[in-house]
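1. sequence-free structure coming up:
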């Protein structure tokens, strides 16, 4: 007498399919979670402007079906490490840190990548327009080659302002005048040390949590930051009576939201990027206010002769950083295309660098 199978063929097939599907999902990566954790860097922690802006964002995403759990960090390195090790499902931090996860979109935060000159003068508004246009492209249907890098995806870009040099001596107004000076450089951003050494200056290692204290305590001749950071970090104190803030943007700093795609439902990143793009002008208004709130007496305008020198110095450094593999070629090619669309008369638009 033949024994009856314990499972019917149909049930056995269904069980096998379920096990196979589960194993495949496990091997492919974690499934989307019900309440993904977003880890947010803000120097002022849960009371900071960036974290508060993220609360509004979280409400908008909840309305679209994805409730987020927010966690604030005052140490950007720890936030990035927690994201890397899977303790966070998403990370909101400066592109200096997110470059590891998406070097293409982080190219926005490269020396001179958003710099527009007209008749020897900086067009500050056009610089922010470069970042806006990049964000618009990242929101376009065919942007996956930019925004997706392996399991990571850009889910938002936030322009938080141009980086200005704060110097103890206002005679530091040319690239040549930087020679022999001590200049603060983030130890996790190799590009900064390269630029400083190219100018014949000495990099002083720092990170985002201690660079202001090092400058204010006289350990360096120059620091750099966006205007929104000047007041909370008290950078004008370190400037002293003979210092100034150079009104020349080395770059525009962005916060970038990076997600682990395996932890979010399909379509989340698209909705998230669109949210931040729709709030671009709102954030930019705060950036502009932070700049206009600085006393007029602290600003130092570069001459029409020295401004192009600085721009060329940044361009040459940028090209070298591409060759060294520190900056991303694909991202900078896109940004050059945007700059030349806004300012086709610029001499760089006839050069092959950053175009191939």
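-> Sure, I can see it. None of the values given here were measured: they were computed from a predicted structure.

2. pLDDT below threshold where in the stretch 101-250 of the chain?
-> Low-confidence segments of the stretch 101-250 of the chain (pLDDT under 70): none present.

3. residues touching residue 338, list them.
-> By C-beta atoms under 8 Å, 6 or more residues apart in numbering, the contact set of residue 338 is 130, 133-134, 137. In short, each C-beta sits where N, CA and C put it, glycine included.

4. Measure how far whichever helix or strand it is part of is from the centre of its chain, please.
-> If you go by DSSP states H and E, residue 338 is part of helix 329-342. For helix 329-342, the separation from the chain centroid amounts to 16 Å (computed by C-alpha atoms, centre = their mean, to the nearest Å).

5. Of all the residues in it, which ones are buried?
-> Judged by neighbour count (16 or more other C-beta atoms under 10 Å), helix 329-342 contains these buried residues: 329, 331-340, 342.

6. ok, those vs residue 89, which is closest?
-> Using C-beta to C-beta, residue 331 comes nearest to residue 89 of the buried residues of helix 329-342, at 24.2 Å.

7. Was I right to think the closest one contacts residue 108?
-> Yes - using C-beta atoms under 8 Å, residue 331 is in contact with residue 108, at 7.3 Å.

8. what's the neighbour count on residue 205?
-> 14 (other C-beta atoms under 10 Å).

9. In CSV: the contacts of residue 338, plus secondary structure.
-> Below are those laid out as CSV (DSSP: H, G, I helix; E, B strand; the rest coil):
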residue, secondary structure
130, helix
133, helix
134, helix
137, helix
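
10. measure residue 348 to residue 354 for me?
-> Using C-beta to C-beta, to the nearest Å, we find residue 348 at a distance of 8 Å from residue 354.

11. can you check residue 344 too?
-> On the measure of C-beta to C-beta, residue 344 and residue 354 end up 15 Å apart.

12. Tell me which of these two has more neighbours.
-> Higher neighbour count among residue 344 and residue 354: residue 354, with 23 against 9, using other C-beta under 10 Å.

13. Now do the contacts for that one.
-> Per C-beta under 8 Å, 6+ apart, neighbours of residue 354: 318-319, 322, 329, 332-333, 335-336.

14. before we move on, back to that, now list whatever residues contact both of residue 348 and residue 354.
-> residue 336.

15. Quickly note the distance from residue 50 to residue 261.
-> To residue 261, residue 50 is 23 Å away according to C-beta to C-beta.

16. now the strands: where do they sit in the stretch 101-250 of the chain?
-> For the stretch 101-250 of the chain, the strands defined by DSSP state E, counting those that start in this stretch cover 117-118, 121-122, 148-149, 152-167, 182-186, 202-206, 222-226, 244-246.

17. now the stretch 251-356 of the chain
-> Under DSSP E, counting those that start in this stretch, the stretch 251-356 of the chain gives strands at 252-260, 299-300.

18. Out of the ones you listed, which is the most enclosed?
-> strand 252-260 (a mean of 25; mean count of other C-beta atoms under 10 Å).

19. Just the buried positions in stretch 58-69, please.
-> 58, 60-61, 66, 68.

20. what residue lies at the spatial centre of this protein?
-> residue 95 (2.4 Å; C-alpha atoms, centre = their mean).

21. That residue against residue 101, yeah?
-> No - judged on C-beta under 8 Å, residue 95 makes no contact with residue 101 at a distance of 10.0 Å.

22. just to revisit the earlier point, what is the nearest of the buried residues of helix 329-342 to residue 309?
-> Taking the buried residues of helix 329-342 together and measuring to residue 309 by C-beta to C-beta, the closest member is residue 339, at 18.1 Å.

23. That closest one touches residue 117, doesn't it?
-> No - between residue 339 and residue 117 there is no contact, the gap being 9.9 Å when judged by C-beta under 8 Å.

24. if I look at these two, which residues touch both of them?
-> The contact sets of residue 339 and residue 117 overlap at residue 346 (C-beta under 8 Å, 6+ apart).

25. So what sits opposite residue 148 in the bridge?
-> residue 153 (DSSP bridges).

26. same question, residue 252
-> Under DSSP bridges, the residues paired with residue 252 across the bridge are residue 162.

27. Now that it has come up, it's in contact with residue 107, right?
-> No - contact criterion C-beta under 8 Å: residue 252 and residue 107 do not qualify, at 11.6 Å.

28. can you list residues touching both of the two?
-> residue 113.

29. now the buried residues of helix 329-342 in a markdown table, with pLDDT?
-> Conversion of the buried residues of helix 329-342 to a markdown table gives the following (pLDDT from 0 to 100):
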| residue | pLDDT |
| --- | --- |
| 329 | 97 |
| 331 | 98 |
| 332 | 98 |
| 333 | 98 |
| 334 | 98 |
| 335 | 99 |
| 336 | 98 |
| 337 | 98 |
| 338 | 99 |
| 339 | 98 |
| 340 | 98 |
| 342 | 98 |
